[in-house]
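# No letters, just coordinates:
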Ligand code: GLC
């Protein structure tokens, strides 16, 4: 049963067009989108960063049944919008997230400024359905930006184009006047986000349903973003390639810049009952796989409605952060690595240095097949201890290793090579009479 609500409340909150000020069309001088040379400059910090924190937070966080709850449970909009009365987080929780990200070795954050539910965490002149004008009474995006900056982290804005609350959000597909209004609303809000909070490093669009690039006027959208924030980088979810791709819940290397986003359990938005947490070993291995493929890893937290972060997320991120404080050289600032063949270890590389990230440490000896360049020295990253090894064209074998893993959840061996690390094709070894290393 929905709580009683006055017509005025309803008008202010729900899909009544009166709640949405008609935005003035804001002409943006179209200019050529930055080319590849400029992209490299804008993306350099991001390539080096490798690891970021994703934050899904909104009214849905109050319910704790994920961010799609409005649609998945077919909740009447009039009932859902009342969550805005209960969404009143502790002051400055974003500072706790930023500290957590910093401890975890994450270099940037991307927070949902507006998810599909349509509720804005920022102050918008185009709607009352935003945190500063509801019970919360604060601009949560401002708090977030200040928190990230205070911890020296780069700032990203997630913004959902799809909007289940705006009266034109679905209608825009069949009604040109609605499309025009809605697109001006969306562009107007993006302009607010990129104007009112200083320097923003990433704009992370999401779900472009129900329009195509032409309908969203995505070229004009991107041109506006670059014009307002000349150093910004944009993702590819407004139906244009943007600056980087966004494989979701999977790791898939590509020649274009890419970032895998992933949940820590199985949910983006807070889910009380989801306890399927990934282990620190899995996170470290995923991070290494991203770094090996030249990509980034954007790992999500779903804070509760009050902003507190589930303790299991904190535990996992702190463990990963401890590991990175000893082994960050194997991740941050590394480049795409050609080596990938081992069942026991992952690989990353910086120049001619190969990082062998051993997750299944068997002790005493470790063999890496088919490494092409010669290893000129090797050491344990955690202690600096030099390692003994032999090498022929088929295998590199470390000898006399400690029997128990010197580090957890993975031990890193740094091997200096006389060329770029690469391995021969394993089928090439299969037919050979095996020599001895
Ligand atoms: C999907 C989901 C959304 C989530 C996003 C993260 O597009 O719709 O809930 O925010 O993935 O990448």
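That came in fine, so what should we check first? This is a predicted model, so every value here is computed, not measured.
# Now do the helices in the chain.
7-13, 36-49, 60-63, 69-72, 77-80, 83-86, 93-104, 140-150, 176-195, 213-216, 218-228, 280-292, 311-327, 426-430 (DSSP state H).
# how many other residues sit next to residue 233?
Counted with other CB atoms under 10 Å, the neighbours of residue 233 add up to 25. Where C-beta positions appear, they are placed from N, C-alpha and C, glycine not excepted.
# now it: how far from residue 40?
11 Å (CB to CB, to the nearest Å).
# Name the stretch among the helices of the chain that sits most buried.
With neighbours defined as mean count of other CB atoms under 10 Å, these peak in mean count at helix 60-63, which reaches a mean of 24.
# pLDDT on that helix, on average?
Mean per-residue pLDDT for helix 60-63: 98.
# Dump the helices of the chain to JSON lines, plus distance to the ligand.
Formatted as JSON lines, the helices of the chain follow (distance: least, CB to the nearest ligand atom, whole Å):
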{"stretch": "helix 7-13", "distance to the ligand": "22"}
{"stretch": "helix 36-49", "distance to the ligand": "17"}
{"stretch": "helix 60-63", "distance to the ligand": "9"}
{"stretch": "helix 69-72", "distance to the ligand": "10"}
{"stretch": "helix 77-80", "distance to the ligand": "16"}
{"stretch": "helix 83-86", "distance to the ligand": "17"}
{"stretch": "helix 93-104", "distance to the ligand": "17"}
{"stretch": "helix 140-150", "distance to the ligand": "16"}
{"stretch": "helix 176-195", "distance to the ligand": "16"}
{"stretch": "helix 213-216", "distance to the ligand": "16"}
{"stretch": "helix 218-228", "distance to the ligand": "17"}
{"stretch": "helix 280-292", "distance to the ligand": "15"}
{"stretch": "helix 311-327", "distance to the ligand": "16"}
{"stretch": "helix 426-430", "distance to the ligand": "34"}
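# is it possible to export the ones you listed to TSV including distance to residue 357?
Below are the helices of the chain laid out as TSV (distance: least, CB to CB, whole Å):
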stretch	distance to residue 357
helix 7-13	50
helix 36-49	18
helix 60-63	34
helix 69-72	38
helix 77-80	45
helix 83-86	43
helix 93-104	17
helix 140-150	28
helix 176-195	37
helix 213-216	39
helix 218-228	36
helix 280-292	5
helix 311-327	8
helix 426-430	19
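# rank these by pLDDT, which is bottom?
Looking at the helices of the chain, the weakest mean confidence is helix 7-13, a mean of 39.
# Now for residue 250, how many residues are close by?
Using other CB under 10 Å, residue 250 is surrounded by 8 other residues.
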